[in-house]
Structures are given as structure tokens and as C-alpha cells.
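[1] can't give you the sequence, but here's the structure:
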């Protein structure tokens with residue numbers, strides 16, 4: 001086995017990675033519950049477009065596979081699905097985030113296209 005030389009560059013990278021890991025684990029160490037992962041989608045209809053979200057746990061109960069495919073298959077099979085409507089809002093500290101605004105029903109006949117949406121801001125989980 002060869003000796004690993006810790007160059008200044010490697011030390012810097014190791015420090016950054018360690019810092020990121022410490023920040024990520026701090027919330028759990030303080031007893032704060034982990035936020036459920038929320039998947040966002042852009043749903044395009046004939047008259048408007050909405051950003052909607054669903055927790056990964058709820059989506060998993062609908063089936064397995066790519067999230068957008070599971071969502072589309074559920075919409076076709078059920079005829080309508082209920083999701084959370086999302087919009088940009090402010091967190092308690094004043095930073096921007098995607099927040100749930102209320103439940104919205106998506107009808108099979110009104111949805112022209114469903115596409116995954118990558119938010120530019122952190123995504124808040126619905127309260128219930």
C-alpha cells in the first residue's frame with residue numbers, strides 16, 4: 001500500500017468536503033426531523049401552467065419508476081389526482097423558497113403535458 005501525500009490542495013478539498021458533511025448532519029444531530037423530499041412538476045394545460053409538488057413517499061405509493069411516468073400513469077388511470085400547488089415565497093429568515101400554497105386537482109382532460117421542474121430555491125414540504 002502506498003503512502004498518501006496530503007498536499008495543500010488535497011487538504012483544502014478534504015476540509016471543504018468535511019465542512020459540507022458537518023453542516024448537512026448538524027440538523028439531524030440537533031434533533032430536528034428531516035424534511036420529506038418534495039418532487040416538483042410543471043403541469044401545462046390548454047389555458048395555464050402550474051407548478052405542483054408531491055412528496056416522494058406519497059409518489060412511491062402510486063408505483064415505481066421515473067417520477068414523471070408514475071405521475072402520468074396515475075393521472076390516466078384515476079382520471080384526476082390531487083397535488084400541492086407551489087409558488088415562490090419567503091422563509092422565516094427572509095430567504096426565498098418554493099412553498100406549498102394549497103391543494104389542487106389535476107384532471108386528465110386538462111393536462112396537456114407534465115414535466116419535471118427543478119426549482120432554483122429550496123423546496124418546503126407541505127405541513128400535512
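    Arrived safely. None of the values given here were measured: they were computed from a predicted structure.
[2] so where's the chain uncertain?
    1-35, 128 (pLDDT under 70).
[3] in this structure, which spans are helices?
    Ranges of helices in the chain, per DSSP state H, are 8-29, 56-62, 67-78.
[4] please list the outside residues in contact with the shortest one.
    Contact partners of helix 56-62, identified using Cβ atoms under 8 Å, 6 or more residues apart in numbering, comprise 36, 37, 38, 39, 67, 70, 71, 73, 74. (Each C-beta comes from the backbone N, C-alpha and C, glycine too.)
[5] for the closest residue to the last one other than its chain neighbours, give its distance to residue 72.
    Nearest non-adjacent residue to residue 74, counting by Cβ to Cβ, 6 or more residues apart in numbering: residue 62, 4.6 Å away. Relative to residue 72, residue 62 is positioned 10 Å away (criterion: Cβ to Cβ, to the nearest Å).
[6] one more: residue 49?
    16 Å.
[7] with neighbour numbers in mind, choose between those two.
    Per other Cβ atoms under 10 Å, whichever of residue 49 and residue 72 has more neighbours is residue 72, with 17 against 11.
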